[in-house]
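Student: Got a predicted model here, sequence first, then my questions.
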Amino acid sequence: MSKNLPADADLSKWPVELLRIAEPEEAERLSGVSWETLKRILPDKVVQMSERRRGMRVGHCLYLGTK
């Protein structure tokens, strides 16, 4: 798995559909990688929504699914 994802500075240019935060189950389905692996390999792409809830942007999940 590659850590070379698009820079977060480009998020302002992404379509709004790709900015949505996916729950862990959806992130797993979109990327084809388990949530534990996503957290371990790409901790900087995990978004903390509240004290207990975490997710990942749909665009990042889909990008991982193409590698």
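Tutor: Alright, I've got the coordinates.
Student: so where's this structure shaky on pLDDT?
Tutor: Within the chain, the stretches with pLDDT under 70 are 1-9, 65-67.
Student: For it, just list every one of the helices.
Tutor: In the chain, the helices defined using DSSP state H lie at 16-19, 24-31, 35-41, 58-65.
Student: Which among the ones you listed is found nearest to E51?
Tutor: Of all these, helix 24-31 sits nearest to E51, with 15.4 Å by C-beta to C-beta. C-betas here are computed from N, CA, C, even on glycine.
Student: G55: neighbouring residues, count only.
Tutor: Residues contacting G55 under the criterion other C-beta atoms under 10 Å number 20.
Student: So it is in contact with E25, correct?
Tutor: No - in this structure G55 lies outside contact range of E25 using C-beta atoms under 8 Å: 9.8 Å.
Student: Distance-wise, check the residue lying farthest from the centre of the chain relative to R29.
Tutor: Distance from the C-alpha centroid of the chain peaks at E51, with 18.2 Å (C-alpha atoms, centre = their mean). Counting by C-beta to C-beta, to the nearest Å, the gap from E51 to R29 is 25 Å.
Student: contacting residues for the residue positioned nearest the centre of the chain?
Tutor: Closest to where the C-alpha atoms of the chain average out (C-alpha atoms, centre = their mean) is M56, at 3.4 Å. By C-beta atoms under 8 Å, 6 or more residues apart in numbering, the contact list for M56 reads 21-22, 24, 27, 31, 38, 42, 45-47.
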